[in-house]
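Asks: When you get a sec, could you give me coordinates for this:
(4 chains)
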Protein chains: 2
Amino acid sequence: MKNTVRVERARENITQAGLADRIGVSRQTVNAIESGKYVPSAVLALKIAQVFGKTVNEVFELEDGD
Amino acid sequence: MKNTVRVERARENITQAGLADRIGVSRQTVNAIESGKYVPSAVLALKIAQVFGKTVNEVFELEDGD
DNA sequence: ACCAAAAGTAAAGTATGTTTTACATTTAGA
DNA sequence: TCTAAATGTAAAACATACTTTACTTTTGGT
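Replies: Predicted coordinates for the structure are as follows:
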């Protein structure tokens, strides 16, 4: 599964720590999600999309391995 | 987080085991997600929504506790 | 009422998400 | 260039998703 979190974050000029704060997780969690180290829970995905004013499907996308 | 999986499944007349098959998880996992026992991963949420031809946001919604 | 399919549930085990702490590297601005 | 902020990364501990097996209960059709 790939995502555009890093891009959206750049668009809104928000920091990893800032985003982490707003969605209630650690900075490392945001970092790991951005670098594809792991797949967030649906709750996290919803929160992240919400912060960026987008749908989950706009930010997260299935890929071949999934 | 609440979801409308049970409703969508009824709409499409598909069984828990059938859905489980199509998204590559166990029947119990589908049951647990429907009864709110746990929050699926973003990948699962995407797959479930895909099966029903809906967006993740249409099927899954944040609630107060989240 | 009977039977089969579907759904509910539970416990133990495994996989993976998330936190915390801590340190190294990169980037941007004065 | 110097410094501070931002990012990358790693390991240990913990929480939660998910599987498997197995049994019970419900539901729908004949």
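Asks: From chain B, how far off is residue A:44?
Replies: Counting by Cβ to the nearest Cβ, to the nearest Å, the gap from residue A:44 to chain B is 7 Å. C-beta here means a position set from N, CA and C on the backbone, and glycine is covered the same way.
Asks: so that residue is in which element?
Replies: Following DSSP states H and E, one finds residue A:44 within helix A:42-51.
Asks: Over to residue A:63?
Replies: Under DSSP H and E, no helix or strand contains residue A:63.
Asks: Quick check on it: phi, psi?
Replies: In terms of degrees, to the nearest 10, the main-chain angles of residue A:63 are phi -130, psi -180.
Asks: ditto for residue A:3
Replies: Backbone torsions for residue A:3, taken as degrees, to the nearest 10, come to phi -150, psi 160.
Asks: Now residue A:4. Nearest residue, chain neighbours left out?
Replies: Residue nearest to residue A:4 in three dimensions, not counting chain neighbours: residue A:59, with 5.5 Å by Cβ to Cβ, 6 or more residues apart in numbering or on different chains.
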